[in-house]
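Engineer: structure for the following, please:
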Amino acid sequence: MEVCLIRHTTPIFEPGMIYGRTELLLHADFPAELEAVRAKLGKDFEIMYSSPALRCIQLARALYTDVLTDPRLQELDFGGWEGKTWNTVDQQALQAWMDDFVNVCTPGGESMMQMYARVEAFWKELGQSGYDKVAIVTHAGVIRLILSIVRQIDLQDIFNINVSYGEVIRVEVH
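Structural biologist: Residues are numbered from 1 along each chain as shown. I've put the predicted structure just below:
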């Protein structure tokens with residue numbers, strides 16, 4: 001099975017803002033970014049999944065008519081940090097999370113391990129779906145986790161994987 005992992009296009013947000021589940025509008029450059037994604041993606045996939053976040057759904061629906069949303073494709077839930085900036089959250093809690101983001105939950109949010117469990121469940125289910133070519137519009141965190149599964153990368157190393165806005169990454173799953 002070939003899977004095209006697509007990160008949503010550039011959102012509008014303040015520098016340093018923490019946004020996992022926070023709803024954001026897409027940048028005014030969306031039409032040009034959409035065309036760039038469309039050119040990289042092609043049209044020969046059988047199904048498209050999307051995170052329920054508006055920034056993903058808007059891109060997915062512009063690319064494909066029938067889009068299935070799945071909450072397991074949502075970005076990390078930063079809980080009480082959502083909408084704040086990195087320098088305004090409790091710095092001790094931030095340091096504890098940065099020291100072990102794999103296992104430590106953000107206040108009222110989730111850990112990377114919890115996020116991994118839901119993404120892995122989606123990925124396993126997709127692997128049993130029988131599709132040959134799938135597209136998924138989602139977030140950098142979800143894409144990194146899928147790549148960690150496919151490439152067997154340790155979770156503590158996933159931030160070494162760069163995923164740009166509007167990037168299309170193809171993976172083969174056997």
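Engineer: every contact and neighbour count from this point should use C-alpha atoms.
Structural biologist: Noted.
Engineer: just checking, what packs against the helix ranked longest in the chain?
Structural biologist: Longest helix in the chain, counting residues (DSSP state H): helix 112-127. Counting contacts by 3 or more CA pairs under 8 Å, 6 or more residues apart in numbering; DSSP states H and E, helix 112-127 packs against helix 140-151.
Engineer: show me where this protein has strands.
Structural biologist: Using DSSP state E, the strands of the chain run over 2-7, 47-50, 67-69, 133-138, 168-172.
Engineer: turn these into JSON lines, columns for distance to Ala36.
Structural biologist: Compiled in JSON lines, the strands of the chain are given as follows (distance: least, CA to CA, whole Å):
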{"stretch": "strand 2-7", "distance to Ala36": "12"}
{"stretch": "strand 47-50", "distance to Ala36": "18"}
{"stretch": "strand 67-69", "distance to Ala36": "19"}
{"stretch": "strand 133-138", "distance to Ala36": "14"}
{"stretch": "strand 168-172", "distance to Ala36": "10"}
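Engineer: buried deepest among those strands, which one?
Structural biologist: strand 133-138 (a mean of 24; mean count of other CA atoms under 10 Å).
Engineer: that one to strand 168-172, inter-axis angle?
Structural biologist: If you take axes from the mean of the first three to the mean of the last three CA atoms, to 10 degrees, strand 133-138 sits at 140 degrees to strand 168-172.
Engineer: show me what strand 133-138 is in contact with.
Structural biologist: The contact list for strand 133-138, computed with CA atoms under 8 Å, 6 or more residues apart in numbering, reads 1-8, 44-51, 56-57, 59-60, 73-75.
Engineer: lovely, talk soon.
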